[in-house]
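Visitor: take this sequence and fold it.
(chains A and B)
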Amino acid sequence: SQQGEEDPQALSIQEGENATMNCSYKTSINNLQWYRQNSGRGLVHLILIRSNEREKHSGRLRVTLDTSKKSSSLLITASRAADTASYFCALGGGGADGLTFGKGTHLIIQP
Amino acid sequence: SQTIHQWPATLVQPVGSPLSLECTVEGTSNPNLYWYRQAAGRGLQLLFYSVGIGQISSEVPQNLSASRPQDRQFILSSKKLLLSDSGFYLCAWDSVSGNTIYFGEGSWLTVV
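Guide: Modelled structure (predicted):
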């Protein structure tokens, strides 16, 4: 099954800076999603970008998708301490495939 | 609105003991239901999914089983736990026509 791979594995930045994390994959996709997981909690859906979209915004989040390079990036602008979490990209859809997740990027925002 | 409840939140079980984790979804009908496991420092592994009552598919061979006795109820079970069953278990759902999966808060299982 298809699976994305996030990069970097860990990222530590100062509050107020922008955080960028990437996801690479190997197969063709219909869409790609980003999720956030606070420590010891369930995953929260952030944004879905379809294969025919190149960029999508939601508040301080900006997601890009380059299907020719099979990669996506998640940008968090003006980071806050509350953004400290693990971020996962997810491929696939509902039903039989479920979603497949990478190992995530652990983001730490230093106050 | 739809909500998903998962319990218990944490449990410590001895090796060889049984397990039952329960998950219910409210506010929707005929959801797809999933059980994922997340081991420390690793991504999520899909264990089971269900597209309807009594319909369970397993993604990996293991010591665990799942059941769906009601439309919005999904249960993860084991007759005899192994140390390797320790981990964070997440129940999730999506609609038949949807792409986004919604997760419960998870259950921490420690097998000792």
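Visitor: any regions of the chain where pLDDT drops low?
Guide: Assuming you mean chain A. A:1, A:93-97 (pLDDT under 70).
Visitor: try chain B instead
Guide: For chain B (pLDDT under 70), the answer is B:61.
Visitor: quick one: the strands in it?
Guide: For chain B, the strands defined by DSSP state E cover B:3-7, B:10-13, B:19-26, B:32-38, B:44-52, B:55-58, B:65-70, B:73-78, B:87-94, B:102-103, B:107-111.
Visitor: so which residue is smack in the middle of chain B?
Guide: B:W35 (3.1 Å; Cα atoms, centre = their mean).
Visitor: so that one sits against B:F48, correct?
Guide: Yes: using Cβ atoms under 8 Å, B:W35 is in contact with B:F48, at 4.6 Å. For every residue, glycine as well, the C-beta is placed using N, CA and C.
Visitor: contacts only, for B:V15.
Guide: B:K80, B:L81, B:L82, B:L83, B:V111, B:V112 (Cβ atoms under 8 Å, 6 or more residues apart in numbering or on different chains).
Visitor: now it: how far from A:A78?
Guide: Using Cβ to Cβ, to the nearest Å, one gets 48 Å for the distance from B:V15 to A:A78.
Visitor: repeat for A:F101
Guide: Counting by Cβ to Cβ, the gap from A:F101 to A:A78 is 26 Å.
Visitor: just A:I29 next, same as before
Guide: With Cβ to Cβ as the criterion, A:I29 and A:A78 are 29 Å apart.
Visitor: phi and psi next, for the nearest residue to A:Y25 once chain neighbours are set aside.
Guide: Computed as Cβ to Cβ, 6 or more residues apart in numbering or on different chains, the closest residue to A:Y25 that is not its neighbour in sequence is A:G4, at 4.6 Å. Backbone torsions for A:G4, taken as degrees, to the nearest 10, come to phi -90, psi 160.
Visitor: then the one 4 residues further on?
Guide: The phi/psi pair for A:P8 (degrees, to the nearest 10) reads phi -80, psi 170.
Visitor: contacts only, for the nearest residue to it once chain neighbours are set aside.
Guide: Distances taken as Cβ to Cβ, 6+ apart put A:T105 closest to A:P8, at 6.1 Å, once the chain neighbours are dropped. Neighbouring residues of A:T105 by Cβ under 8 Å, 6+ apart: A:E6, A:D7, A:P8, A:Q9, A:A10, A:L11, A:M21, A:S86, A:Y87, A:F88.
Visitor: follow-up on the earlier one: out of the strands of chain B, which is closest to A:I49?
Guide: For those, proximity to A:I49 was assessed by Cβ to Cβ; strand B:87-94 is nearest, at 17.0 Å.
Visitor: same for that closest one, what does it pack against?
Guide: In terms of contacts (3 or more Cβ pairs under 8 Å, 6 or more residues apart in numbering or on different chains; DSSP states H and E), strand B:87-94 is packed against strand B:3-7, strand B:19-26, strand B:32-38, strand B:73-78, strand B:102-103, strand B:107-111.
Visitor: who's in contact with the fifth one?
Guide: It stands for strand B:102-103. Counting by Cβ under 8 Å, 6+ apart, A:G42, A:L43, A:V44, A:H45, B:Q2, B:I4, B:Y36, B:L90, B:C91, B:A92, B:W93, B:D94 sit against strand B:102-103.
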